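J.: Kindly generate the corresponding structure for this input.
(2 chains)
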There are 2 protein chains.
Amino acid sequence: MPEMNRQILLANRPAGAASTSNFQSVEVPLAPLTYGQVRVRNHFLSLDPYMRGMMNDSKSYTAPQKLGQVMCGATAGVVVESRNEDWRVGDNVTAMFGWQNYGTCDGGGLQRVDATHVPLSAFLGVLGMTGVTAWYGLNRVCAPTPGETVAVSAASGAVGGIVGQLAKRRECRVVGIAGGAEKCRYVVEELGFDACVDYKKGSLQTDLAAAAPGGIDGYFDNVGGVVLDAVMACMNPHGRIAMCGAIAGYEGQKLVMANPALILVSRLRVEGFIVGEHPNDWPVALDELGGLVAGGAIRFRESIAEGLASAPEAFLGLLAGRNFGKQLVRLI
Amino acid sequence: MPEMNRQILLANRPAGAASTSNFQSVEVPLAPLTYGQVRVRNHFLSLDPYMRGMMNDSKSYTAPQKLGQVMCGATAGVVVESRNEDWRVGDNVTAMFGWQNYGTCDGGGLQRVDATHVPLSAFLGVLGMTGVTAWYGLNRVCAPTPGETVAVSAASGAVGGIVGQLAKRRECRVVGIAGGAEKCRYVVEELGFDACVDYKKGSLQTDLAAAAPGGIDGYFDNVGGVVLDAVMACMNPHGRIAMCGAIAGYEGQKLVMANPALILVSRLRVEGFIVGEHPNDWPVALDELGGLVAGGAIRFRESIAEGLASAPEAFLGLLAGRNFGKQLVRLI
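T.: All right, here's what the predicted structure looks like:
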């Protein structure tokens, strides 16, 4: 009997909000490796908001996820079998194997990682795309100078939490925006932000103005919609807005920008980016982040769902903001 | 009897659309010059969309125009009396004297211009703020490379016409957007744009896609609103949008941006600017523009209203798009 590989496929596309019925779990036998192939047992799967965009068949910055195929996603795991001389059993690797327990490839797309001093899961978060996304948007788009005020939405999320901590190190006043008192407390007390506004309280505009009395110079936007509108009204002249995500619209909600004339009136720069398109910045970012993580200077939290079968529910929770920090699935 | 100076004041602020009743014409005697003063007979007054924003008492990139004061604006004229050794009768100058026949000052704010080879009025247009605005937005924000496609709205207007001609010199495909067949014909046949879309035809999105089959890489926006929405849907990844004006909203129309998620999806950069904030670029821009104008390589058209009394109607016409090229008032 060959060993079996559990996979989760995209069964159909959401009409409106995503649900667990969009996914299908299957089990397929693992074929024997051919020459040059490597097999990885995935230990962690990263769940990220961009996946919601891929479930649609519409224009996005990523190609749509194909129906009937394994949901895409970043994974971290260990080589368990190799017929490729570049890779050995026991090697720790990250890859884009998606929502499945095992990944098989010819070695292309594998990154070797050193999990001696940091846990393997960190390479899907602060030392992976998550961290580099935070670093890039803050440094290359918001580009704050000391004394400026930086705001970030989804502040307790994986990206937002890093953005704010990096901005504090650049001697900025840092204002988070998050949903609920517990997240706001975490953002201020554990991550060290200067303030955090609870957008669920219903007084976002007033609370934001109070938290940023000198106005906002750089905004790292993960959500779009009314939160973006409220921040734009607080932006100082020549402010910079990094558009990293628009999670408020991921379920198909039609999000307009209420007052785009502010871009002109306040001479703002609003810039969308995808970190994968800036490979030259990765080594710089990872070098800085690696040092900070090793030195304990950056705090991060993980929400870990147990087992591949829990991935769909955990993903829907992420979209609804039920996670706390980086959302992962433990696969082993 | 002292000589009299005709002035137009802002009498009251528009509630909705501006009208001639917002303005008041007065005549005041010219006081004798005191030591150090200079008197200029204004020959031309520049009318510009930004003035509409100043008529409101709301946040804009300029301070509101004060009630009961001379409407502000750029002027070009000739020194007719001087008690300042730096300025002589006959000197050609530009200044911000506003809507009046004469300007008196202590020499500060006057710029000497050389009208030997180009008409004095050009220093209010292609060789003034108008030209530098076009140059800055194109080169510093849109920053197109040869072979890219640049679009510009209000293409037959003073700024738009220069943007397109400069972009052609940078070997771009240039698509104008203007209102009406006559303006579109002018933009293509006289200014040399590759295409011009008539937004009044009611098929803007389709026509734009046809005029820019390879998508749009740089957009110089003078109007905002549905035109901006239509262009955004055609933008190529990593496109740049220079927000120079939002004339569609100048009468208080609430303009939303229909699909801001495109900034993320297409990784756009949207940037508002005011050319007065970039003094270092003026000499560079004016040097290039001066050479082009002197060599006849840039074409421009002026709509000239006769006499200060015609300024309010001419200004309302500018807001309604009834002008053709740079809108001026001849004051002498």
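
J.: surely A:G224 meets A:G249?
T.: Yes. Using Cβ atoms under 8 Å, A:G224 makes contact with A:G249 at a distance of 5.6 Å. The C-beta positions use only the backbone N, C-alpha and C, and glycine is treated the same way.

J.: Give me the common contacts of the two.
T.: Shared contacts of A:G224 and A:G249, defined by Cβ atoms under 8 Å, 6 or more residues apart in numbering or on different chains, are found at A:L255, B:A261.

J.: between those two, which one's more packed in?
T.: A:G224 (25 against 20; other Cβ atoms under 10 Å in any protein chain shown).

J.: check contacts around the more buried one.
T.: Neighbours of A:G224 in contact, by Cβ under 8 Å, 6+ apart: A:M243, A:G245, A:A246, A:I247, A:A248, A:G249, A:L255, B:P260, B:A261, B:L264.

J.: Let's have those residues in TSV, adding pLDDT and secondary structure.
T.: Below are these laid out as TSV (pLDDT from 0 to 100; DSSP: H, G, I helix; E, B strand; the rest coil):
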residue	pLDDT	secondary structure
A:M243	96	strand
A:G245	82	coil
A:A246	77	coil
A:I247	75	helix
A:A248	72	helix
A:G249	73	helix
A:L255	89	coil
B:P260	95	coil
B:A261	92	helix
B:L264	93	helix
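
J.: In JSON lines: these, plus distance to A:V28.
T.: Converted to JSON lines, the contacts of A:G224 look like this (distance: Cβ to Cβ, whole Å):
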{"residue": "A:M243", "distance to A:V28": "39"}
{"residue": "A:G245", "distance to A:V28": "33"}
{"residue": "A:A246", "distance to A:V28": "35"}
{"residue": "A:I247", "distance to A:V28": "32"}
{"residue": "A:A248", "distance to A:V28": "37"}
{"residue": "A:G249", "distance to A:V28": "35"}
{"residue": "A:L255", "distance to A:V28": "39"}
{"residue": "B:P260", "distance to A:V28": "41"}
{"residue": "B:A261", "distance to A:V28": "36"}
{"residue": "B:L264", "distance to A:V28": "35"}
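
J.: and which of the residues you listed is nearest B:S303?
T.: Among the contacts of A:G224, B:P260 lies closest to B:S303 (Cβ to Cβ), at 35.0 Å.

J.: which residues does the closest one contact?
T.: A:G224, A:L228, A:M243, A:A246, A:L255, A:V256, A:M257, A:P260.

J.: I'd like the distance between it and A:A167.
T.: 23 Å (Cβ to Cβ, to the nearest Å).

J.: Show me what the lowest-mean-pLDDT helix or strand in chain A packs onto, helices and strands only.
T.: Averaged element by element with mean pLDDT, DSSP states H and E, chain A has its least confident helix or strand at helix A:50-55 (a mean of 91). When contacts are defined as 3 or more Cβ pairs under 8 Å, 6 or more residues apart in numbering or on different chains; DSSP states H and E, helix A:50-55 packs onto helix A:311-319.

J.: just the helices in the stretch 1-150 of chain A please.
T.: Assigned by DSSP state H, counting those that start in this stretch, the helices in the stretch 1-150 of chain A fall at A:50-55, A:129-136.

J.: Adding mean neighbour count and distance to B:G160, write those helices out as CSV.
T.: Below are those laid out as CSV (neighbours: other Cβ atoms under 10 Å in any protein chain shown; distance: least, Cβ to Cβ, whole Å):
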stretch, mean neighbour count, distance to B:G160
helix A:50-55, 21, 35
helix A:129-136, 26, 34
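
J.: Okay then, goodbye and thanks.
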